[in-house]
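In: sequence plus the predicted model coming up.
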Amino acid sequence: MLGIDPGSRRTGFGVLDAAGPNLTYVASGVIRTAEGDFAARLCEIFRGIQVIVAQYQPQEIAIERVFMNRNADSALKLGQARGAAICGTADAAADVFEYAPRQIKLAVVGSGSADKAQVQLMMRSILKLGAPVAVDAADALAAAVCHALRGRASTAAARALGRV
């Protein structure tokens, strides 16, 4: 499973193995784009995600949705970075799931208004990491954990209803 935290300057990614009831950390990191031309930065995001998808071959991808902040231009750039990341997953033949930032934070921290440091701490705890990961990578891992938890809840609900 691949989690993505899109950004025009830093796009975080996190890879988990969600086989069975356990979540196992596989890899995480940040695609950092160079200064300058915005179109070139989008291309870097696209190509970086393509490499990650080719290397880890995820079955499912969880990506954070864009939220509207005070600055519309920033939200538009974030949306374009998100689009470049999604396009970079096309070769994966994987389903893409989208989660609002508040939804991710609520799933992994218990509060939709948690700050980045809290998300970082919870990823270290949940995934039993020896060292902290970069903030953007932690956010990407949180998207993947949120998706894994959602999938388990859906499966449990289906079992309770006799559908599985």
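Out: Right, received. Where do you want to start? Every value quoted in this text rests on a predicted model; they were computed, and no experiment measured them.
In: alpha carbons only for contacts and neighbour counts from here, please
Out: Fine.
In: is it true that Gly29 lies in a helix?
Out: No: when the secondary structure is assigned by DSSP: H, G, I helix; E, B strand; the rest coil, Gly29 falls in strand instead of a helix.
In: and the nearest residue to Ala131 once chain neighbours are set aside, what does it touch?
Out: For Ala131, the nearest residue in space outside its immediate sequence neighbours is Arg124; the separation is 7.1 Å by C-alpha to C-alpha, 6 or more residues apart in numbering. Arg124 makes contact with 130-133 under the criterion C-alpha atoms under 8 Å, 6 or more residues apart in numbering.
In: for this protein, which segments count as strands?
Out: 2-5, 10-17, 24-32, 60-64, 95-99 (DSSP state E).
In: show me what the shortest one is packed up against.
Out: To tie it back to what came earlier, the one meant is strand 2-5. Judged by 3 or more C-alpha pairs under 8 Å, 6 or more residues apart in numbering; DSSP states H and E, strand 2-5 is in contact with strand 10-17, strand 60-64, helix 135-160.
In: can you put the ones you listed in JSON lines and add mean neighbour count?
Out: Converted to JSON lines, the helices and strands packed on strand 2-5 look like this (neighbours: other C-alpha atoms under 10 Å):
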{"stretch": "strand 10-17", "mean neighbour count": "24"}
{"stretch": "strand 60-64", "mean neighbour count": "24"}
{"stretch": "helix 135-160", "mean neighbour count": "21"}
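In: how far does stretch 96-104 stretch from start to finish?
Out: With C-alpha to C-alpha, to the nearest Å as the measure, the ends of stretch 96-104 fall 15 Å from one another.
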